[in-house]
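Asks: Make a model of this:
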Amino acid sequence: MRQRISLLLFVICLSVSCHEEDYLHGFSSDSLFATPTQQELDAVVNNWKARDLSAKNYSVVQTAEVFPDITLKIVSYTVSGHTEYGALLIPKSTSALPVHTFIGGFGIDSPINGVKLVIDQTFFDDPFIFVVPALRGQSVRIMVNDVAYSSPTSEGEHCEAFDGAADDAIALLNIVESTEQTADMNRVAVRGGSRGGTVALLIGERDKRVKLTIGVAGPTNMMELTSKNENDRTYQCQFLSDLANGSALADVRHKMIASSPIFFAKDLPKTQLHLAANDVIVPVSQGEELKDVINNLGQSAAFEMFIYEGRDHSNIADGNTEMNDRITLFLKQL
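Replies: Numbers count the residues shown, from 1 in each chain. Alright, predicted model coming up:
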């Protein structure tokens, strides 16, 4: 199979223009960023379990034959009261197929999740159903063999970029399970880049149908990164503006905890993490800390981490055949 997925690893703004001095003036950083208690962790898990992410108001917005015997569907559905969109790439098959889900990156000024695919007849040597949620506040744009297909923009707050995005993706998997007869939901993999890498791990921790997760340049501890970037407007948008706008400190902590896979690592399935040595947005330490937790849990056999020298957040996936080969081999475990 020759398939290339272009990961849009949207760069979080780090320039001086993104900063506002003393954004958390008047709030206790020590209290806001303190290590989560077991009670807080349990509250997040219980909240996840209480959410209704069942398939609702499903409809097919557009269909197209993008390659002989491969159909693209742009679909809509409702989750958390919002109309969301996603793309499904479905090969014709008489047997059950694994499901590969791709979660896109985040850019505060970018409302599009983009994926680029190159498909030829060798795709059918190892076929799968490909699932791409638009995620709240964004649309999905999928390009197949240089032809682009786009969804409308999903409802919901764009900056609900982690915990909320995981809800959207799990709900879309529920749609796939209820509508696509050839989908083998016991063989689900989730891959993502940047923000998408974080969400991929969160989905793997929350959804037992997921057997493999792959994170590329994805944060693992959003509480730690937010504490170090409190004056960056991306982190303000995703977490800290809630505090500034009157939300309780406990609620903001809940959101940061629920957006951090490191705190729920015991529930990770087999996982592959790819990081760039020169990444200043998602430093290698994010992966090293997760690896330490995994090792302490005695789950190191199910975790792989690779670091790519000479690469950074923006180019970790560019022409990285070594990484792509590792991911392709990893996915064959489904």
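
Asks: From Ser154, how far off is the nearest residue to Ser54 once chain neighbours are set aside?
Replies: The spatial neighbour of Ser54 that comes closest, neighbours along the chain excluded (C-beta to C-beta, 6 or more residues apart in numbering), is Asn174 at 6.0 Å. From N, CA and C alone the C-beta is placed, and that goes for glycine too. Distance, Asn174 to Ser154, by C-beta to C-beta, to the nearest Å: 16 Å.

Asks: just Gly310 next, same as before
Replies: Distance from Gly310 to Ser154, by C-beta to C-beta: 36 Å.

Asks: Next: Asp126.
Replies: For Asp126, the distance to Ser154 - C-beta to C-beta - is 30 Å.

Asks: one step back: could you verify that the residue nearest to Ser54 is part of a strand?
Replies: No. In this structure, Asn174 is helix, not part of a strand, as judged by DSSP: H, G, I helix; E, B strand; the rest coil.

Asks: That one touches Lys56, doesn't it?
Replies: No. At 9.3 Å, Asn174 does not count as touching Lys56 under the criterion of C-beta atoms under 8 Å.

Asks: So those two - more neighbours on which side?
Replies: More crowded of Asn174 and Lys56, by other C-beta atoms under 10 Å: Asn174, with 20 against 14.

Asks: Local confidence estimate at the more buried one?
Replies: On pLDDT, Asn174 comes in at 98.

Asks: Over to the one 10 residues further on?
Replies: As predicted, Asp184 sits at a pLDDT of 98.

Asks: do Asp22 as well
Replies: So, for Asp22, pLDDT stands at 72.

Asks: And the nearest residue to Ala171 once chain neighbours are set aside, its phi and psi?
Replies: Once flanking residues are discounted, Ala171 sits nearest to Val79: 3.9 Å by C-beta to C-beta, 6+ apart. Main-chain torsions, Val79, degrees, to the nearest 10: phi -140, psi 140.

Asks: would you list every one of the strands in the stretch 51-200 of the chain?
Replies: Assigned by DSSP state E, counting those that start in this stretch, the strands in the stretch 51-200 of the chain fall at 59-67, 70-79, 82-91, 97-103, 112-117, 129-133, 139-144, 147-150, 183-193.

Asks: For Asp167, which of the ones you listed is the nearest?
Replies: strand 70-79 (5.9 Å; C-beta to C-beta).

Asks: Relative to the whole chain's centre, how far out is the closest one?
Replies: 18 Å (C-alpha atoms, centre = their mean, to the nearest Å).

Asks: Mind listing the strands it pairs with, and their directions?
Replies: strand 59-67 (antiparallel), strand 82-91 (antiparallel) (DSSP bridges).

Asks: ok, residues contacting the first one?
Replies: So that's strand 59-67. Outside strand 59-67, the residues that touch it by C-beta atoms under 8 Å, 6 or more residues apart in numbering are 71-77, 85, 89, 119, 123, 144-145, 147, 149, 151-152.
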